[in-house]
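S.K.: All I have is the shape, not the residue letters:
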């Protein structure tokens, strides 16, 4: 025992050097064990947090999808007789003009789509209160090849006809608002109603931005809306939904951030789901890009976006979440409909999707189709839309000029990463045009409005990337003061 005690406890028997060496080794070992244990605990916590986040996302998505199906079933319980009067008035109003027409003849951006609106009214008119689940999922309507959709709608409302076509690949979620509104309003009055809603949302968001010190964002949003001829948006139901969702998502992004709540991937997951629910494949990307751009601005101002790597991670994570919500919503629609109807609708839905990606447009196909789709869409940007066949040339010319101006007056700061982040967002609508070339070429007169997000991001690129002090020195030279001699009286 004495020897044992002396070996472990008595420092006299050890030289100072050996004692220090052993003590240092022991401390290093303990530190290493503590670091390893700390890493394991952090790793375990991060895995638990990730699993919890995924679980919350799945549950939230399922609850929202259930609510969406429930709302479709609920509005289908409204008796057809309750909407017959205003649906007939709507059909008569739509008959006054062609299914596609231009408000301004020489302006392709003023093309109004009543084709889709007539189909939507035709579908919701045939919702059957006796089959509240299957009828909105089937989305049947009266269709004939010999008449246009406005005429088919009028026939469906004024005659006792049976639906002839199933349009089940879309959710047609807008019917949860339009069908109840048709009990008190016709389509013309509904256009006015949503025009007021859009104006109110714009004013609310504009006020939010200016009061929170983001006047530049408010002005950039106004310029972007001007560039996509926003005054035509309320004239077709098909054009409205994505802009409604975008404005609401923008307002919520600012509110959540001001209350110091995380504008997380879950938010974008649900926005993606709601977009697929309401949209008719028109300008879906704006519901992702505009709120995401606002989030980057808010985080940068509050010093929460410290470098480019963090910014790109935010863009990637939020975009993936939005994309999952968007695509999963389509899959959920097809799956629920297949189960409810006891028939596989995936083949028909995927065939239509393949046409949008790989389909031709007359003699155009492949790269030629993609290029023409791109040119058609940029030619609709205001004011290039009034330049007849030369709009895309003017648009490209102005873009090149802006690049030159940016290069000449750019900031020389190496850590100025914000323009790069907004450049990524700027490119996404054009990638969409090139990917879904068939759709972007044929429906350019409304898909071009996806460039709202690109124009907004372009404004922000110039705001963050241009050295405005250099610009002011170059063009706003101070005037020389001339002294005047006055005579003393």
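M.R.: Received it, and whenever you're ready, just let me know what you need. Worth saying up front: this structure is predicted, and the values here are computed from it rather than measured.
S.K.: Need the three-state assignment for the spatially most central residue of the chain.
M.R.: Nearest to the geometric centre of the chain sits residue 287, at 1.8 Å (CA atoms, centre = their mean). Going by DSSP: H, G, I helix; E, B strand; the rest coil, the secondary structure assigned to residue 287 is helix.
S.K.: wouldn't it be in contact with residue 244 here?
M.R.: No - using CB atoms under 8 Å, residue 287 is not in contact with residue 244; the gap is 9.4 Å. (Glycine included, C-beta is placed from N, CA and C.)
S.K.: coming back round to it: distance of the residue nearest to the centre of the chain from residue 422?
M.R.: Here residue 287 is placed at a distance of 17 Å from residue 422 (CB to CB, to the nearest Å).
S.K.: In terms of helices and strands, where is residue 373?
M.R.: Assigned by DSSP states H and E, residue 373 belongs to helix 367-378.
S.K.: Please name every helix or strand in contact with whichever helix or strand comes after that helix.
M.R.: Downstream of helix 367-378, the next assigned helix or strand under DSSP H and E is helix 391-409. Here helix 391-409 touches helix 367-378, helix 451-465, helix 468-475, going by 3 or more CB pairs under 8 Å, 6 or more residues apart in numbering; DSSP states H and E.
S.K.: Return the angle between stretch directions for the helix or strand following helix 391-409 and helix 367-378.
M.R.: Once the chain leaves helix 391-409, the next helix or strand it forms, by DSSP H and E, is helix 418-435. For helix 418-435 against helix 367-378, the angle by axes from the mean of the first three to the mean of the last three CA atoms, to 10 degrees is 120 degrees.
S.K.: tell me which strands and helices helix 418-435 is in contact with?
M.R.: Other helices and strands packing on helix 418-435, by 3+ CB pairs under 8 Å, 6+ apart, are helix 286-301, helix 308-341, helix 367-378, helix 437-442, helix 451-465.
S.K.: Please repeat the previous calculation with a cut-off of 10 Å.
M.R.: Under the contact criterion of 3 or more CB pairs under 10 Å, 6 or more residues apart in numbering; DSSP states H and E, helix 418-435 touches helix 286-301, helix 308-341, helix 367-378, helix 437-442, helix 444-447, helix 451-465.
S.K.: If we ignore the residues flanking it in sequence, what's nearest residue 202?
M.R.: In this structure, residue 202 finds its nearest non-sequential neighbour in residue 247, 6.4 Å apart by CB to CB, 6 or more residues apart in numbering.
S.K.: quick one: that neighbour from residue 298, how far?
M.R.: From residue 247 to residue 298 the distance is 16 Å (CB to CB).
S.K.: Who has more neighbours out of the two?
M.R.: Set residue 247 next to residue 298 and count neighbours by other CB atoms under 10 Å: residue 247 wins out with 24 against 20.
S.K.: For that one, what is the enclosing helix or strand?
M.R.: helix 237-258.
S.K.: Give me the average confidence score over that helix.
M.R.: The average pLDDT for helix 237-258 rounds to 96.
S.K.: buried residues in that helix?
M.R.: Residues of helix 237-258 classed as buried: 237-251, 253-254, 256-257 (neighbour count, 16 or more other CB atoms under 10 Å).
S.K.: about what we covered before: got a list of contacts for the helix holding residue 373?
M.R.: Applying CB atoms under 10 Å, 6 or more residues apart in numbering, the set of residues contacting helix 367-378 from outside is 108, 358-364, 384-385, 391-396, 399, 429-430, 432-451, 454.
S.K.: tilt between that helix and helix 451-465?
M.R.: Interaxial angle of helix 367-378 relative to helix 451-465 (the same axes, to 10 degrees): 70 degrees.
S.K.: returning to that earlier point: what residues are shared contacts of residue 287 and residue 244?
M.R.: Taking CB under 10 Å, 6+ apart as the contact rule, residue 287 and residue 244 both touch residue 278.
S.K.: and the angle from the helix holding residue 247 to helix 451-465?
M.R.: Using the same axes, to 10 degrees: helix 237-258 against helix 451-465 is 40 degrees.
S.K.: ok so residue 231 is a strand residue?
M.R.: No - with three-state DSSP as the criterion, residue 231 is helix rather than part of a strand.
S.K.: I'd guessed it sits against residue 202; true?
M.R.: No - taking contacts as CB atoms under 10 Å, residue 231 lies outside contact range of residue 202: 11.8 Å.
S.K.: Tell me which of the two has more neighbours.
M.R.: Neighbour totals were compared for residue 231 and residue 202, and residue 202 leads with 18 against 13 (other CB under 10 Å).
S.K.: Give me the distance between the strand or helix carrying residue 198 and the centre of its chain.
M.R.: Counting by DSSP H and E, the element that carries residue 198 is helix 187-211. Its chain's C-alpha centre and that of helix 187-211 lie 18 Å apart, by CA atoms, centre = their mean, to the nearest Å.
S.K.: Over to stretch 202-222?
M.R.: Between the centre of stretch 202-222 and the centre of its host chain there is 18 Å, according to CA atoms, centre = their mean.
S.K.: quick one on the thing from earlier: just put the helices and strands packed on helix 418-435 in JSON lines and tack on distance to residue 190.
M.R.: Compiled in JSON lines, those are given as follows (distance: least, CB to CB, whole Å):
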{"stretch": "helix 286-301", "distance to residue 190": "21"}
{"stretch": "helix 308-341", "distance to residue 190": "24"}
{"stretch": "helix 367-378", "distance to residue 190": "28"}
{"stretch": "helix 437-442", "distance to residue 190": "26"}
{"stretch": "helix 444-447", "distance to residue 190": "18"}
{"stretch": "helix 451-465", "distance to residue 190": "23"}
